[in-house]
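K.L.:
here is my input, please return the structure:
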Amino acid sequence: QVQLVESGGRAVQAGGSLRLSCAASGRTFSRHAMAWFRQAPGKEREFVAAINWSGDSTVYAVSVKGRFHIWRENAKNMGYLQMIDLEAEDTAVYYCAVDRREWSMAQTDSQTFGSWGQGTQVTVSS
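P.N.:
Predicted structure coming up:
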């Protein structure tokens, strides 16, 4: 199982930007799709963005499309989420996750992800 550690979350003002990082352990990271989810206080976890195993296909939630960008560096076992034009509604704990299956396409269903990080807090003040 892949171990994941997120970093980069902090408090920013609305309109600001952040880059989240997801460091993966193990040699199989490059074979699996990965994604970012988030959970705001009192709300269910929701899908944010996903990328396939090779990095050439991405999917975004409607609420973040055009503002967030997901990519990965398989040689470094790293995944990233660049966020711009942040809004108060983006405040949440952000989690990266890796698909259970190898060679998978970008997925939006949290049930397909078997490895999760501990999360990193993003707070956007208006």
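K.L.:
so the residue positioned nearest the centre of the chain: helix, strand or coil?
P.N.:
Nearest to the mean C-alpha position of the chain, by C-alpha atoms, centre = their mean, lies residue 36 at 2.2 Å. Assigned with DSSP: H, G, I helix; E, B strand; the rest coil, residue 36 falls in the strand class.
K.L.:
surely it meets residue 83?
P.N.:
No - Residue 36 is beyond contact range of residue 83, at 9.5 Å (criterion: C-beta atoms under 8 Å). (Each C-beta comes from the backbone N, C-alpha and C, glycine too.)
K.L.:
anything in contact with each of these two?
P.N.:
Both residue 36 and residue 83 are contacted by residue 20, under the criterion C-beta atoms under 8 Å, 6 or more residues apart in numbering.
K.L.:
now the nearest residue to the residue nearest to the centre of the chain once chain neighbours are set aside: how far from residue 28?
P.N.:
Counting by C-beta to C-beta, 6 or more residues apart in numbering, residue 36 lies nearest to residue 48, which is 4.3 Å off, once chain neighbours are set aside. Distance of residue 48 to residue 28, given as C-beta to C-beta, to the nearest Å: 23 Å.
K.L.:
those two: who's more crowded?
P.N.:
Each of residue 48 and residue 28 has its neighbours counted (other C-beta atoms under 10 Å); residue 48 has more, 25 against 14.
K.L.:
my read: the more buried one touches residue 64, true?
P.N.:
Yes - the pair residue 48 / residue 64 is scored as a contact, 5.8 Å apart, by C-beta under 8 Å.
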